[in-house]
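Student: Sequence plus the predicted model coming up.
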Amino acid sequence: MTKSKLFVCLSCLVLAAFLVGCGNSVAGTWKGNMNGWAAVLALQSNGTGTLQLSSFVGSQSLDFTWKTEGNRLVFEPNNKEETAVNTFSGEYQLQGDTLTIHHQGSGTAIYTRS
C-alpha cells in the first residue's frame, strides 16, 4: 500500500471515529424551564438520564433512558408505573449551548448547557 493510500485510509478512520463520538452531542447537563417548572435535564453519554423539576409547589424527579432517532430525542422512563407513560419523545435542535425540545402535546422547552 502506498503512503498516500495509507494516509487516506487513516484519515477516513479518524473521521469515522470523530463522527461516532459526536453521536450523543446532546449529552450533558442542561438547565431551563418546562411549562413553568425550573428544569435540570441530565443526559449521560451512556444513554441514562434524569429530569429534575421544581417550582414553588414542590419538586419531582424522573429517571429514564434516552436515545436520538434522527432529529428526535426519545425518552423511556425507568419506572413506568409512576409515570403512566411508556415512551415520550420530541424533536430537538441543538445550536451551540442551547437545546430546544418540542415535546409532543406539552409545548417547547429551551435549555442551556450548564
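Tutor: Cool, the structure landed.
Student: spatially speaking, which residue is in the middle of this protein?
Tutor: Taking C-alpha atoms, centre = their mean, the centroid of the chain lies closest to V26, which sits 4.4 Å from it.
Student: That one belongs to a helix, doesn't it?
Tutor: No: in this structure, V26 is coil, not part of a helix, as judged by DSSP: H, G, I helix; E, B strand; the rest coil.
Student: Now do the contacts for it.
Tutor: Neighbour list for V26: 43, 68, 73, 92, 94, 99 [criterion: C-beta atoms under 8 Å, 6 or more residues apart in numbering]. Bear in mind the C-beta positions are built from the backbone N, C-alpha and C, glycine included.
Student: run the last query once more with 6 Å
Tutor: Neighbour list for V26: 43, 94 [criterion: C-beta atoms under 6 Å, 6 or more residues apart in numbering].
Student: Low-confidence stretches in this protein?
Tutor: By pLDDT under 70, the low-scoring segments of the chain are 1-24, 82-85.
Student: got the contact list for the residue nearest to W37 when sequence neighbours are not counted?
Tutor: Spatial nearest neighbour of W37, excluding adjacent residues (C-beta to C-beta, 6 or more residues apart in numbering): L53 at 4.1 Å. Contacts for L53 (C-beta under 6 Å, 6+ apart) come out as 37, 39, 60.
Student: Quick check: phi and psi on the residue nearest to the centre of the chain?
Tutor: phi -80, psi -10 (degrees, to the nearest 10).
Student: all strands of the protein, in order?
Tutor: Assigned by DSSP state E, the chain shows strands spanning 28-34, 37-43, 48-55, 58-69, 72-77, 88-95, 98-103, 107-113.
Student: Now do the fifth one: distance to the chain's middle.
Tutor: Okay, so that is strand 72-77. 8 Å (C-alpha atoms, centre = their mean, to the nearest Å).
Student: for that strand, which positions count as buried?
Tutor: Neighbour counts using 16 or more other C-beta atoms under 10 Å place 73, 75-77 of strand 72-77 among the buried residues.
Student: What of the third one?
Tutor: Residues of strand 48-55 classed as buried: 49, 51, 53 (neighbour count, 16+ other C-beta under 10 Å).
Student: That one vs strand 28-34, what angle?
Tutor: Strand 48-55 runs at 30 degrees relative to strand 28-34, counting by axes from the mean of the first three to the mean of the last three C-alpha atoms, to 10 degrees.
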